[in-house]
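K.L.:
Take a look and give me a structure for this.
(2 chains)
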Amino acid sequence: MAILMDFFDNLALGLSVAFSWSNLFWCFVGVTLGTFIGVLPGIGALAAVSLLLPVTFHLDPTSALVMLAGVYYGSAYGGSTASILLNLPGTPSSAVACLDGYPMSRQGRAGVALLMSALGSFIGGVIGILLMMLFSPLIVDAALSFGPPEYFTMMVLGLIAASTISTGTPIKGIAMVVLGVLLGLIGTDIETGTPRLAFDLPELFDGIGLVAIAMGLFGVSEVIASIKVIRSGHIEKKITFRSMIPTRDDVRRFWFPVLRGAGIGSFFGALPGTGGVIASFVAYAVEKKVSSEPERFGKGAIEGVVAPETANNAADQTAFIPTMTLGIPGSVVMALMIGALMIHGISPGPQMMTKNPDLFWGLIMSFWIGNVLLLVLNIPLIGIWVRVLVIPYHVLYPAVLMFVCIGVYSINNSTFDVYMVMLFGGVGYIMRLVDLQPAPLLLGFVLGPLMEENLRRTLIISRGEFTIFMARPLSAAFIVVTLALLAWALWNALPRRSAIEGAR
Amino acid sequence: MYTRDYRDLIGGGLLLLLGLFVGVHSLTSYDIGTLRHMGPGMFPAWLGFLLAGIGAVILVLGLFRPGERIEPNYRQFFAVILGVLIFAVTVGTFGMIPAVVLLTFAAVLADDKLGAVEAVILAIVLSVLALVIFRVGLRIPLQTFAWPF
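P.N.:
Down below sits the predicted model:
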């Protein structure tokens, strides 16, 4: 009973926070910007959240998080619009929606595809939120008993999972994580006060700013790489309400893919290293497999639009579970969310859940509001977004650069930060050229200092013995899973090489 | 296609050098401490050598694998970096609006799509946008114009 009472207390608290005027306003701003950015090809959720990080310096932490989260899940709604109408994914997680969404729009059924994907997204989001409300308190209870060894091994697991599963080559992902951790260590050592790797630059004594790194790697270098590549399209037909009306057959085909998509999405969203992109691909593959007419896929099957779109929205919501309850981000966007909270001196994890319940439950309740707003934005107001689609990239990228420069400068009125953005923009582009992914780097950057702190504490507790990691059951389990992941990555790397040898 | 993966040779090589530098620098400049009480140098030293090791593996694997050509967009790279540089140099002395205008002029050099007239129009639009978003919307006290002389 007491648990139930707590639950309702938390709900009431969350509602009162989420329905405050300022949080409603920032939620609206977030989801609107998210849809806008999701629709624009070439700017994904990652770049969008990076771009908006500076704004959070000027907001209170709850509003900041509500807005950034809105941008994030809003972009998943908007992303499908570009996929369906133009065959250009607005965001990576909407890439699968092209496969059947674009054929549908060639058949004049774009309206139906847009409506169904918005509805599916909404249901996926709702299921994700419900799971988050249900499981978060349980995980927090368990996590309150975690000590430094559990935290350290859990972070190692999270980083290895993120760098080996989702990015191209596992070994390069791990290299980037290590580099990121090193960058995170730049600045004054908390324990001893020694400035490390700062090379007598006083600006570096506080460490490199997360905003400067994120904007350089995901804003500036993205722009450099995209200018020649992205071409905007044009849309022939207007989307009318009449064209949105689904047939009886569409409705019949809607429900099971939605439920399967939501399940798959929720699962992959909560795991570290996987997220909306993988969830949407898996959901599509599963639909094709269970369908009695797999030949319809790729030619405008409604299931092929609905399931992945539902999955990526469910994943976007459940991704917050490990981030908020454990402080372990499963993806880069989640790392940025953690960074945004750290800017305000709050570190996510079980302590935050008990100390700042208003923040967590306010955020969850804002998800409800945000998803309802998104439904309104994406169905009756779809016409606006269709017009956004034709904004050409050559007008857009100077605006992105303007936003990056002023945004980072506005934090401390510091030109040093702008130089850092320039540096990381250049480095990020060179990294792309030599096929090194910037995403794991940022994860390592955010978690690096926490890892060192927990490792130090562990070794103090154990008097310098590493056996403590195997002596505690949970940390031993984390280590075993980490090793299994590494073995799997190695196993995957081998056959490909021998295939090349064989081809010679 | 090349017979060797030059991307990995360059990437792995850079990581190897950087890792060695960080490792040696941490060993020599900071207190390493003991396992029981880690000093500020221990963690970065480990990670530096780990990075160097991974870099070496990437480099060696790249020697035995065909790879794709590296095709940098030099023009886009220099135009965009120049834009950010100009912004950084000018924003403190001349204020936000001149910095945005100069940034825009540098940035449009990356693409052939916009002529001089369009670039001026875009610069004006972006200046107004910057004012509306940052000064009016977010109320951030940024100096709009400054005259240093």
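
K.L.:
so how far is A:Ala279 from A:Leu157?
P.N.:
20 Å (Cβ to Cβ, to the nearest Å). Glycine gets a C-beta too; all of them are placed from N, C-alpha and C.

K.L.:
Please identify which of these two sits among more neighbours.
P.N.:
A count of neighbours by other Cβ atoms under 10 Å in any protein chain shown puts A:Ala279 above the other of A:Leu157 and A:Ala279, at 34 against 22.

K.L.:
Report the secondary structure state of that one.
P.N.:
Using DSSP: H, G, I helix; E, B strand; the rest coil, the structure places A:Ala279 in helix.

K.L.:
was I right about it contacting A:Ala315?
P.N.:
Yes - with contact defined as Cβ atoms under 8 Å, A:Ala279 counts as touching A:Ala315 (4.1 Å).

K.L.:
shared neighbours, these two?
P.N.:
Common neighbours of A:Ala279 and A:Ala315, counting by Cβ atoms under 8 Å, 6 or more residues apart in numbering or on different chains, are A:93, A:265, A:268-269.

K.L.:
Verify the contact between A:Ser50 and A:Phe218 for me.
P.N.:
Yes - using Cβ under 8 Å, A:Ser50 is in contact with A:Phe218, at 4.5 Å.

K.L.:
nearest residue to the residue of chain B most remote from its centre other than its sequence neighbours?
P.N.:
Most distant from the centre of chain B: B:Arg36, at 37.9 Å, with distances by Cα atoms, centre = their mean. Closest residue to B:Arg36 apart from its sequence neighbours, by Cβ to Cβ, 6 or more residues apart in numbering or on different chains: A:Gly464 at 3.7 Å.

K.L.:
what's around residue 57, how many residues?
P.N.:
No chain was given, so I picked chain A. Neighbours around A:Phe57, by other Cβ under 10 Å: 17.

K.L.:
right idea, wrong chain: chain B
P.N.:
Neighbours around B:Val57, by other Cβ under 10 Å: 17.

K.L.:
just the one 5 residues further on next, same as before
P.N.:
A count of nearby residues for B:Gly62, using other Cβ under 10 Å, gives 22.

K.L.:
repeat for the one 3 residues further on
P.N.:
Using other Cβ under 10 Å, B:Arg65 has 15 neighbouring residues.

K.L.:
wait, it sits on B:Asp8?
P.N.:
Yes - under the criterion of Cβ under 8 Å, B:Arg65 makes contact with B:Asp8 at 7.3 Å.

K.L.:
distance between the host helix or strand of B:Ala123 and the chain's centre?
P.N.:
Element membership of B:Ala123, judged by DSSP states H and E, is helix B:116-130. Relative to its parent chain, helix B:116-130 has a centroid offset of 25 Å by Cα atoms, centre = their mean, to the nearest Å.

K.L.:
any residue of it up close to chain A?
P.N.:
Yes - judged by Cβ under 8 Å from any Cβ of the partner chain, helix B:116-130 comes into contact with chain A at B:122, B:126, B:129-130.

K.L.:
Of those, just the buried ones, PyMOL syntax please.
P.N.:
Entered in PyMOL, the line below selects the buried ones among the residues of helix B:116-130 next to chain A, by 16 or more other Cβ atoms under 10 Å in any protein chain shown:
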select buried, chain B and resi 122+126+130
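
K.L.:
Between the residues of helix B:116-130 next to chain A, which sits nearest A:Lys299?
P.N.:
Nearest to A:Lys299 out of these is B:Leu122 (Cβ to Cβ; 41.4 Å).

K.L.:
List of residues touching the helix holding B:Ala123?
P.N.:
Helix B:116-130 has contacts (Cβ under 8 Å, 6+ apart) with A:395, A:398-399, A:402, A:406, B:96-97, B:100-101, B:104-105, B:108, B:114.

K.L.:
Need the max-distance pair from those.
P.N.:
B:Met96 and B:Leu114 (21.8 Å).

K.L.:
Who has more neighbours out of these two?
P.N.:
Applying other Cβ under 10 Å to B:Met96 and B:Leu114 shows that B:Met96 carries more neighbours, namely 26 against 20.

K.L.:
Since that was my last question, I'll sign off now.
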